[in-house]
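Asker: Sequence and predicted structure are below.
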Amino acid sequence: MSNRNKKKYSKKALLISTAFLFLIITINIVIFWPSEKKEYFLQIYLPYADIVFFEEPVQPGATFYHEYFHSVELSPVREHFIIGENYQMIATESWSKSFGAGLPYETKDKLERIDGFFVIHEEREIEHLNLLPSDLYPHFFFYGEKTVDLSSELSGERIRIQVIKKH
């Protein structure tokens, strides 16, 4: 093979190896470059004041509930929620001592009695939960080890319990 052909093949090999190396570097950058991380938070938000009162990181499978004393029935009510795979809030259970005004009603096959409570099991996705706590009756919010006394700390405030995404 002549020197001319060797140089021609050397240039071709150099171009191919350079292109291959560039491709490998580009793929590694795309795969391993830190992407924009999205984090989700469970919030107690005051929409009219635009204030975040409570905020904690949340993951799918996390649970929370709020518990209050019903003003008409004068009995405790507890509503349970779970965070779904797509970070949506899902209502899972309602606990009440009776079926009065403004309380969940009896449903077939999804009702049981536990410790004097009627427990209704029904999963439904909700965008957020709007509440108006009052200092007339106890109202608490529970998430993990955290407890918020809504009736004393946020009495008379319109609040929204929601999951939000931050970048």
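Answerer: Noted; the coordinates are in hand.
Asker: which neighbours does the longest strand along the chain have in its sheet, and in what orientation?
Answerer: In terms of residue count, the longest strand belonging to the chain (DSSP state E) is strand 117-126. As defined by DSSP bridges, the strand partners of strand 117-126 come to strand 89-96 (antiparallel), strand 111-114 (antiparallel).
Asker: Show the model's pLDDT score for R158.
Answerer: pLDDT, R158: 96.
Asker: Over to the one 4 residues further on?
Answerer: Here the pLDDT value assigned to Q162 is 98.
Asker: residues near it, how many?
Answerer: When neighbours are defined as other C-beta atoms under 10 Å, Q162 has 18 of them. Every residue, glycine included, has its C-beta placed from N, CA and C.
Asker: before we move on, what about E123?
Answerer: E123 sits with 12 neighbouring residues when counted by other C-beta under 10 Å.
Asker: Then the one 4 residues further on?
Answerer: Other residues near E127 come to 10 when the count uses other C-beta under 10 Å.
Asker: Thanks again, I'm all set now.
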